[in-house]
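Novice: heads up, no residue letters with this:
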C-alpha cells in the first residue's frame with residue numbers, strides 16, 4: 001500500500017542482527033550529507049549518487065531517463081533524484097543499515113535503476129544477480145553475499161522462492177511506491193572507500209566469488225572515461241546491456257551519471273530495437289558483439305542509424321570481420337574497449353586512435369596504468385597488470401586476491417604495449433565468454449561430473465558468430481555406462497543446474513581425453529580439434 005513501508009528485515013527464522021562488521025561496512029548511517037557540487041567537476045563526489053544530485057541542481061528539468069521497456073515513461077533529473085532519495089529513506093526506515101546487502105534480480109527497467117541508486121545512496125551494498133541463474137545458483141549467491149533482502153522481477157521471483165532467510169519483494173514501481181519516504185532525511189556514508197557493489201564472477205575453481213567495488217572504484221572508472229568526451233549533456237545513450245553486468249552497470253550507468261546524458265532504458269535486444277534507436281534518436285550505442293550480429297540481420301537497421309554517432313563494443317572480443325561488415329553497411333566505426341569486472345570495468349579503449357589490427361584494444365585510459373609482466377619488456381607478450389583508482393578492493397568477504405601492496409592487479413590476460421597502445425594476445429586460456437558473460441570451465445566440469453555415468457570431462461570454448469563463443473564439453477563415459485545416451489543425459493543434467501549461457505552447446509562423447517605426462521588434460525589439443533572442426 002503506497003505510503004507504508006514493508007518490514008524488509010523480518011526474515012523467516014532469522015533475527016535482526018547487530019550492525020555489521022564486514023570489510024567496507026560501516027556503522028549506522030551518519031546524519032549529515034555534504035551538499036552536491038557541480039556535476040561537471042566530480043572531484044568532490046564520494047558516493048556515485050552524488051552525481052545524480054548534482055544534475056538535479058544543475059539541470060532539474062532536463063530529461064535524465066526514458067524507460068521504453070513498457071509504456072514509455074520519462075524522469076527529469078529532479079524527479080529521478082527525488083525518487084532515489086525517497087526510496088533510500090524507505091530502505092533505511094525498513095531496517096537496512098549501511099553495509100547490509102540488497103540483492104537485485106531483474107531485467108533492465110527504470111525500477112532497477114532507481115533501486116540500485118537508492119541502495120548506494122543509503123549506504124546499502126547492491127548485489128546485482130543474473131536473471132538467468134538457476135534456483136540452486138541463486139541460493140549459493142544469496143548465501144555467500146549474506147543478502148538480507150532480494151528485490152526480484154515478479155517473473156523471476158519464483159526462482160528464489162525456496163531460499164531460506166531472505167525476504168523477497170517484487171521489484172517494480174509498486175514496491176518503490178510502498179518504500180518511498182518523500183522528504184525524509186537520507187544519510188549517505190561520506191567515505192569513498194565504502195563498499196558499494198558486490199559483482200559476482202566465477203573463479204577458476206568454479207566457485208562463485210564477488211568483486212568488492214567501492215564508490216572510489218566506481219567513480220574512478222567514470223572519471224577516467226569522462227576525459228575522453230564520449231558522453232555529454234547532449235548525448236542520448238541506450239542502456240540495453242544487462243545492468244547486472246559491470247559493462248551495463250558502471251560503463252553505461254556510471255558514465256551517464258557523470259555526463260548528464262539522456263539514458264534510454266531497454267531490456268536486451270527487443271523486437272523493436274532498431275525502432276527505439278530511430279524514435280529516441282540515440283546517439284551513443286554501447287553493446288556486445290552479438291548485438292552487432294543481430295542488428296545486421298534486422299530489416300530495420302538502415303533506417304535506424306541516422307542519429308548514431310558512436311558505437312562501442314565490449315564484454316567480449318570483437319571479431320574484425322563483424323566490425324568491418326557493420327561499418328560497410330552503416331558507415332559507422334565500431335570502437336571497442338578492454339576491461340574486467342575488477343577494474344569497474346575500464347582499462348583501455350580504441351576511441352580516438354587509429355586502427356591497430358587484430359588484438360588491438362586501444363590506448364590505456366587516463367588514470368589507469370598498465371604493466372606487461374615485470375615491466376622490463378613491454379613489447380613482448382606477457383601477463384597484463386593494471387593499477388588505478390578504478391580497481392576493486394579484493395574478493396568478498398575478506399578482500400583476498402585484490403591488488404598487491406603497490407596497487408597492481410594481475411589480470412590473467414596476455415598482451416603487450418606498442419606505441420602506447422595495448423594489444424591483447426589472449427584472454428585467460430580457461431575462460432569462455434558467451435554473450436559477454438564469463439563461463440569458467442571448472443564450474444561446468446564439476447556439474448557434469450555429478451553424473452555417475454561420466455568418468456571424465458573437459459570443457460573448452462569455440463568461436464560463434466552469434467554469441468562470441470560456445471561451451472563445448474568432451475565427455476568420457478564411465479565403464480558400465482551407455483555412451484549412446486550419455487550426451488542427452490549431460491544436456492538434461494546441465495539444463496537443470498546451470499544458467500543457459502553456461503550450458504554446453506556441444507557435448508562430444510570421446511573414448512579418452514588427451515593427457516600429458518602428469519595426467520593433466522591437454523586442453524590445447526582439444527581447442528585445436530574444435531578450431532579445426534570450425535574451419
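Specialist: Looks like it arrived, so ask away. Keep in mind it's a predicted model, so treat the numbers as computed, not measured. Numbering: from 1, shown residues only.

Novice: domain-wise, how is the protein divided?
Specialist: Here the domain parsing of the chain from automatic domain parsing is 236-426, 432-534.

Novice: how distant is the longest one from the center of its chain?
Specialist: Going back to what we said before, that points to domain 236-426. 12 Å (Cα atoms, centre = their mean, to the nearest Å).

Novice: for the record, mean pLDDT for that domain?
Specialist: Mean pLDDT, domain 236-426: 94.

Novice: circling back: nearest to residue 172, out of the domains of the chain?
Specialist: Taking Cβ to Cβ, domain 236-426 is the member of these nearest to residue 172, at 13.3 Å. Placement of C-beta: from N, CA and C, glycine included.

Novice: any chance of the domains of the chain in a markdown table, plus mean neighbour count and distance to residue 182?
Specialist: Formatted as a markdown table, those follow (neighbours: other Cβ atoms under 10 Å; distance: least, Cβ to Cβ, whole Å):
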| stretch | mean neighbour count | distance to residue 182 |
| --- | --- | --- |
| domain 236-426 | 19 | 22 |
| domain 432-534 | 17 | 38 |
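
Novice: so who does residue 364 touch?
Specialist: By Cβ atoms under 8 Å, 6 or more residues apart in numbering, residue 364 lies in contact with 347, 348, 370, 420, 422.

Novice: list the contacts for residue 47?
Specialist: Going by Cβ under 8 Å, 6+ apart, the list of residues near residue 47 reads 120, 121, 188, 189, 190, 192, 194, 196, 215.

Novice: roughly how far does residue 414 sit from residue 69?
Specialist: Using Cβ to Cβ, to the nearest Å, one obtains 39 Å as the distance from residue 414 to residue 69.

Novice: if we can go back for a sec, so which pair among the contacts of residue 364 is furthest apart in space?
Specialist: 347 and 420 (13.5 Å).

Novice: before we move on, the earlier item: among the contacts of residue 47, which one sits closest to residue 239?
Specialist: Nearest to residue 239 among the contacts of residue 47 is residue 120, at 16.7 Å by Cβ to Cβ.

Novice: any idea how far the closest one lies from residue 452?
Specialist: In terms of Cβ to Cβ, residue 120 sits 47 Å off from residue 452.

Novice: before we move on, what about residue 389?
Specialist: Relative to residue 452, residue 389 is positioned 50 Å away (Cβ to Cβ).

Novice: what do you get for residue 198?
Specialist: On the measure of Cβ to Cβ, residue 198 and residue 452 end up 35 Å apart.

Novice: ok but residue 290 is inside a strand, no?
Specialist: No. Counting by DSSP: H, G, I helix; E, B strand; the rest coil, residue 290 falls outside a strand, being helix.

Novice: ok, now how distant is it from residue 435?
Specialist: Separation of residue 290 from residue 435 (Cβ to Cβ): 6 Å.

Novice: grab the nearest non-local neighbour of residue 117.
Specialist: Spatially, and ignoring its direct neighbours in sequence, residue 117 is nearest to residue 84 (4.6 Å; Cβ to Cβ, 6 or more residues apart in numbering).

Novice: just residue 244 next, same as before
Specialist: In space, residue 244 is closest to residue 128, 3.7 Å off (Cβ to Cβ, 6+ apart).

Novice: ok, the one you found touching residue 249?
Specialist: Yes. Assessed by Cβ atoms under 8 Å, residue 128 is found in contact with residue 249 at 6.3 Å.

Novice: name the residues contacting each of those two.
Specialist: Residues touching both residue 128 and residue 249 (Cβ under 8 Å, 6+ apart) are 116, 197, 199, 243.

Novice: can you give me the helices for the stretch 301-450 of the chain?
Specialist: 320-330, 441-448 (DSSP state H, counting those that start in this stretch).

Novice: looking at those helices, which is closest to residue 223?
Specialist: Closest approach to residue 223 among these is made by helix 320-330 (27.8 Å; Cβ to Cβ).

Novice: mind pulling the model confidence for the residue nearest to residue 244?
Specialist: Reading off the model, residue 128 has pLDDT 97.

Novice: list the contacts of it.
Specialist: Applying Cβ under 8 Å, 6+ apart to residue 128 gives the contacts 103, 104, 116, 197, 199, 243, 244, 249.

Novice: which of those lies closest to residue 171?
Specialist: Looking across the contacts of residue 128 and measuring by Cβ to Cβ, the closest to residue 171 is residue 104, at 6.8 Å.

Novice: confirm that that closest one sits in a strand.
Specialist: Yes. The assignment for residue 104 is a strand, going by three-state DSSP.

Novice: I figured it was touching residue 124, is that so?
Specialist: No. Checked against Cβ under 8 Å, the pair residue 104 and residue 124 is beyond contact range at 10.7 Å.

Novice: does anything pack onto the host helix or strand of residue 150? Which helices or strands?
Specialist: Assigned by DSSP states H and E, residue 150 falls within strand 149-152. Judged by 3 or more Cβ pairs under 8 Å, 6 or more residues apart in numbering; DSSP states H and E, strand 149-152 is in contact with strand 101-105, strand 167-170.

Novice: ranking those strands by burial, who's on top?
Specialist: strand 101-105 (a mean of 25; mean count of other Cβ atoms under 10 Å).

Novice: output the contacting helices and strands for that strand.
Specialist: helix 110-121, strand 125-128, helix 135-145, strand 149-152.

Novice: which of the ones you listed sits closest to residue 439?
Specialist: Smallest distance to residue 439 across the helices and strands packed on strand 101-105 (Cβ to Cβ): 12.6 Å, for helix 135-145.

Novice: I'd like to know which elements the closest one is packed against.
Specialist: With contacts defined as 3+ Cβ pairs under 8 Å, 6+ apart, the packing partners of helix 135-145 are strand 101-105, strand 208-214.

Novice: buried ones in that helix?
Specialist: 137, 138, 139, 140, 141, 142, 144, 145 (16 or more other Cβ atoms under 10 Å).

Novice: ok, the one residue sitting closest to the centre of the chain to residue 273 distance?
Specialist: Nearest residue to the geometric centre of the chain (Cα atoms, centre = their mean): residue 245, 1.4 Å. Residue 245 is 18 Å from residue 273, where distance means Cβ to Cβ.

Novice: how about residue 179?
Specialist: Residue 179 sits 32 Å away from residue 273, going by Cβ to Cβ.

Novice: give me the three-state assignment for the most far-flung residue of the chain relative to its centre.
Specialist: Distance from the C-alpha centroid of the chain, by Cα atoms, centre = their mean, peaks at residue 480 (43.1 Å). Assigned with three-state DSSP, residue 480 falls in the coil class.
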